[in-house]
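>>> got a predicted structure plus its sequence, pasted below:
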Amino acid sequence: MRQLLPPLTVLSSYPPSGGLQLHSLTEISSYTCDFCLEYAESAMVATAADALVCPGCYARARVPGRGGRS
């Protein structure tokens with residue numbers, strides 16, 4: 001089932017890369033990362049299609065050879 005975050009204010013969004021787009025939020029949000037399935041609390045979240053991605057998985061996905069999605 002698709003997670004729904006409460007309405008949040010995006011401070012800035014970074015250019016999409018490798019199918020992911022990173023967003024900086026004005027406040028901390030709680031969600032479950034769709035990549036690692038871990039609970040996350042962060043003022044940053046990446047999005048990929050219908051997925052929410054924690055900053056750790058975003059970083060791993062952006063480093064070649066680290067086992068993340070591209």
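The structure has been received and is ready for your questions. No experiment lies behind these values; they were computed from the predicted model shown.
>>> CA only for contacts and neighbour counts going forward, please
Noted.
>>> for the chain, what spans make up the strands?
Counting by DSSP state E, the chain has strands at residues 10-13, 21-32, 39-48, 51-53.
>>> what's the pLDDT at Pro7?
Note on Pro7: pLDDT of 76.
>>> next one: it from Leu25, what distance?
As judged by Cα to Cα, to the nearest Å, Pro7 and Leu25 stand 11 Å apart.
>>> looking at these two, which is more packed in?
Leu25 (17 against 6; other Cα atoms under 10 Å).
>>> which ones are touching the closest residue to that one other than its chain neighbours?
Once flanking residues are discounted, Leu25 sits nearest to Val10: 4.5 Å by Cα to Cα, 6 or more residues apart in numbering. By Cα atoms under 8 Å, 6 or more residues apart in numbering, the contact set of Val10 is His23, Ser24, Leu25, Thr26.
>>> from the residues you listed, which is closest to Tyr58?
His23 (11.0 Å; Cα to Cα).
>>> the nearest residue to the closest one once chain neighbours are set aside: neighbouring residues, count only.
In space, and not counting its chain neighbours, His23 is closest to Ser13: 4.4 Å by Cα to Cα, 6+ apart. Number of residues near Ser13 (other Cα under 10 Å) recorded here: 14.
>>> could you double-check that Ser13 sits in contact with Met44?
No - assessed by Cα atoms under 8 Å, Ser13 is found out of contact with Met44, at 9.6 Å.
>>> what touches both of the two?
Listed as contacting both Ser13 and Met44 by Cα under 8 Å, 6+ apart are Leu22, His23, Ser24.
>>> now the residues you listed in CSV, with distance to Pro55, pLDDT and neighbour count?
Converted to CSV, the shared contacts of Ser13 and Met44 look like this (distance: Cα to Cα, whole Å; pLDDT from 0 to 100; neighbours: other Cα atoms under 10 Å):
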residue, distance to Pro55, pLDDT, neighbour count
Leu22, 8, 95, 21
His23, 10, 96, 20
Ser24, 10, 96, 17
